[in-house]
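Q: I'd like to go over a predicted model; first the sequence, then the structure.
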Amino acid sequence: MKQYLLFSILFFSAFLQAQVYRLDSALNVRDDDKDFVSEDDVVGHVSAKTEFEIVSSKTLRSGAKALEVKILSKGKGSNLSNDYVKTGPIYIYQGKNTKFTKISNSTETEASVAYSKTECAECASDAKKDMEKQPAVAFAKDYTQAVEEKANTPKISPSEASTSIQEQIKNYENSPQVAKTIKLAAARIKRLKGAGKCYKETKNSLVAGGLLSSKPSDKYARNAANTLSGLGFVNLLKEPYSLNYTPETAPKGSVLVYESSSKCDAYTKNIMGLGCGDTAIKLGDGSDTKGFKYASDYKSDKAITEGRTGSKYRLIGVMIKPNL
Amino acid sequence: MKLLIATILLFTSLGYSTNIKQKNSRKISNANITANEYNALLSGFNSLDKSNIDKNFKSALDGIEKLSEVKLLTENNLPLVISVLKALVLMDPLDPSRTAPQMLTESFHANTSIYQKAFKQLSSDDQKIMSDIIKVFGATNKKGNG
């Protein structure tokens, strides 16, 4: 009898042993499982690499799941209070695009399989299945899930954004487009002195390298940060990144944008004093470009701010194209 | 009918005359820098040479900025313009971005004839360098730097 009891306990212990999962992206954490759209019950967020166990699972009307979880370790950048972690209950949302990685060796669980098919196969009646197939119902569910997904994606803090952008900067620096842009700019730009066409030549280099599909028509380098922002670039000096770059430390392939305090053209009589500004492409540390680190309409080993007229310029943009 | 035409012609000529007077008045008001400023700029630029341009680069740049604020130069200012062009040539090796010439773009286009006269007064070597610098004036004026 004792042996039977012990065997049963061991069997059920093994069976009930909770699976451990790791989050692949940040998620909001709630203290209620009734509403996954409003922000009223959001008590914080957990970042990617947070490890957790699923305590229970409840299917929402949208078809997604509300998971009651036990947090084992929080990912870097999580802002969920330890009080919630200890006391619970806390819930996270598992929708179509929510990805978990199972990190304990056990049988496959619902979190790692396509939930909707499993759910339908196990629980739904034939009538419900038929209803699910109706396009209008499917659309409504997809729409609801999209709303829920958005509501459960946390607003990333600047520090988290910074972590994320660092990876994107590396990807940008190592992208074939940046390699091509630098190679062509270094080869094409022969001048060692400016010709009053810095922005024009910067645009030519970006188009040649595939970072721009066509040349923007604006005339002044001082506006390049705004123009490029509308063409898929981000300014690393501005929020939400607010990174502290100088021309010397700027990422390889980034577009450096300067404003200048000196007047430069006859068409800005009504805004005298703004100056044309300057743009340049950061070629890198010069090791692959014969010592030249910057290219605009001329090549140089020094940033314009390092030169004798450097006091006339101020770096206002370090532009890269994320998601390359 | 003749009276009507005569009246129209009279008012047209009066309007034109007023416009000319306004233009002349603006030209006169913008034409001169003070004698002290002129002399200070001229002596500053004239004191520059290859041996001291490195040391005096900043003051030369300040002088060019000052000159850029003078919208219309008169024939009397020719010696000053010649000395400015010589200064630009001296500064060129230290100014790869060509910021100094860009500062004078507006002045160049407002006073092209004086700059051309001054250009002819330069040595042939200086003219070669200055020719490249003048391209900066042209490029920047027509299309910004984009």
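A: Now that the structure is in, tell me what you want to look at. Numbers count the residues shown, from 1 in each chain, chains lettered A, B, ... in the order given.
Q: In the host helix or strand of residue A:179, which residues are buried?
A: Using DSSP states H and E, residue A:179 maps to helix A:176-188. By 16 or more other CB atoms under 10 Å in any protein chain shown, the buried positions in helix A:176-188 come out as A:177-178, A:180-182, A:184-186. Glycine gets a C-beta too; all of them are placed from N, C-alpha and C.
Q: Please tabulate those in TSV, including the columns pLDDT and distance to residue A:253.
A: Formatted as TSV, these follow (pLDDT from 0 to 100; distance: CB to CB, whole Å):
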residue	pLDDT	distance to residue A:253
A:177	97	8
A:178	97	3
A:180	97	10
A:181	97	6
A:182	97	6
A:184	96	12
A:185	96	9
A:186	95	12
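Q: quick one on the thing from earlier: identify all contacting residues around the helix holding residue A:179.
A: Applying CB atoms under 8 Å, 6 or more residues apart in numbering or on different chains, the set of residues contacting helix A:176-188 from outside is A:172, A:204-206, A:208-211, A:252-253, A:281, A:283-284, A:288-290, A:292, A:295, A:299, A:321, A:324.
Q: let's see 10 Å
A: If you take CB atoms under 10 Å, 6 or more residues apart in numbering or on different chains as the criterion, helix A:176-188 is touched by A:171-173, A:175, A:201-202, A:204-212, A:251-255, A:280-284, A:286, A:288-290, A:292, A:294-296, A:299, A:320-321, A:324.
Q: Now do residue 120, the pLDDT please.
A: Assuming you mean chain A. In this model, residue A:120 is scored at 42, pLDDT.
Q: My question was about chain B, not that one.
A: So residue B:120 comes in at 96 (pLDDT).
Q: Could you double-check that it sits in contact with residue B:127?
A: Yes - Residue B:120 is within contact range of residue B:127, at 8.2 Å (criterion: CB atoms under 10 Å).
Q: More neighbours: which of these two?
A: Neighbours per residue (other CB atoms under 10 Å in any protein chain shown) separate residue B:120 from residue B:127, with residue B:127 holding more: 15 against 8.
Q: if we can go back for a sec, packing partners for the helix or strand just after the helix holding residue A:179?
A: As assigned by DSSP H and E, the chain's next helix or strand after helix A:176-188 is helix A:198-209. Contacts defined by 3 or more CB pairs under 10 Å, 6 or more residues apart in numbering or on different chains; DSSP states H and E place helix A:198-209 against helix A:176-188, helix A:224-229, strand A:255-260, strand A:278-282, strand A:294-295, helix B:124-143.
Q: Could you tell me the angle between the longest one and helix A:198-209?
A: Meaning helix B:124-143. Helix B:124-143 and helix A:198-209 meet at an angle of 70 degrees, taking axes from the mean of the first three to the mean of the last three CA atoms, to 10 degrees as the criterion.
Q: Just give me how far helix B:124-143 sits from the chain centre.
A: Remark: helix B:124-143 is offset 14 Å from the chain centroid, using CA atoms, centre = their mean, to the nearest Å.
Q: repeat for stretch B:107-116
A: Chain-centre distance of stretch B:107-116: 5 Å, with CA atoms, centre = their mean.
Q: Stretch A:222-229 now?
A: 21 Å.
Q: Show me which residues of that stretch are buried.
A: A:222-225, A:227-228.
Q: could you dump the helices and strands packed on helix A:198-209 to a markdown table with distance to residue B:71?
A: Converted to a markdown table, the helices and strands packed on helix A:198-209 look like this (distance: least, CB to CB, whole Å):
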| stretch | distance to residue B:71 |
| --- | --- |
| helix A:176-188 | 37 |
| helix A:224-229 | 28 |
| strand A:255-260 | 20 |
| strand A:278-282 | 24 |
| strand A:294-295 | 34 |
| helix B:124-143 | 14 |
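Q: These: which one's closest to residue B:109?
A: Of all these, it is helix B:124-143 that lies closest to residue B:109, at 5.2 Å by CB to CB.
Q: Show me what that closest one is packed up against.
A: Helix B:124-143 sits against helix A:198-209, helix B:78-91, helix B:99-103, helix B:105-110, helix B:112-120, with contacts defined as 3+ CB pairs under 10 Å, 6+ apart.
Q: and if we set it to 7 Å?
A: Judged by 3 or more CB pairs under 7 Å, 6 or more residues apart in numbering or on different chains; DSSP states H and E, helix B:124-143 is in contact with helix B:78-91, helix B:99-103, helix B:105-110.
Q: how far away is the residue of the stretch 201-324 of chain A found nearest chain B from residue A:242?
A: Closest to chain B within the stretch 201-324 of chain A is residue A:219: 3.1 Å, counting by CB to the nearest CB. Distance, residue A:219 to residue A:242, using CB to CB, to the nearest Å: 29 Å.
Q: now residue A:283
A: Per CB to CB, residue A:283 is found 25 Å from residue A:242.
Q: neighbour-wise, which of those two wins?
A: Ranked by neighbour count (other CB under 10 Å), residue A:283 and residue A:242 place residue A:283 first, with 27 against 12.
Q: quick one: contacts for that one?
A: Each residue near residue A:283 by CB atoms under 7 Å, 6 or more residues apart in numbering or on different chains is listed here: A:182, A:185-186, A:289, A:292-295.
Q: now do 10 Å
A: Going by CB under 10 Å, 6+ apart, residue A:283 touches A:181-183, A:185-186, A:189, A:205, A:252-253, A:289-295, A:299-301.
Q: Which ChimeraX command selects the buried ones in those?
A: Buried residues among these (16+ other CB under 10 Å), as a ChimeraX selection:
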select /A:181,182,185,186,189,205,252,253,289,292,293,294,295,299,300
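Q: After the helix or strand bottoming out on mean pLDDT in chain B, which helix or strand is next? Please name it.
A: None of the helices or strands of chain B scores lower by mean pLDDT, DSSP states H and E than helix B:2-31, at a mean of 47. Remark: after helix B:2-31, the chain's next helix or strand is helix B:35-46, criterion DSSP H and E.
Q: buried stuff in that following helix?
A: Here helix B:35-46 shows B:37-38, B:41-42, B:44-45 as buried, counting by 16+ other CB under 10 Å.
Q: Can you pull up the most central residue in chain B?
A: Residue closest to the average C-alpha location in chain B (CA atoms, centre = their mean): residue B:107, at 3.5 Å.
Q: Quick check: the gap between that one and chain A.
A: From residue B:107 across to chain A, the span is 9 Å (CB to the nearest CB, to the nearest Å).
Q: right, and residue A:260 touches residue A:309 too?
A: Yes - between residue A:260 and residue A:309 there is a contact at 8.8 Å, judged by CB under 10 Å.
Q: okay, and the common contacts of these two?
A: Contacts common to residue A:260 and residue A:309, judged by CB under 10 Å, 6+ apart, are A:278, B:97, B:99, B:102-103.
Q: and which of those is nearest to residue B:64?
A: Ranked by distance to residue B:64 (CB to CB), the shared contacts of residue A:260 and residue A:309 are led by residue B:103 at 5.4 Å.
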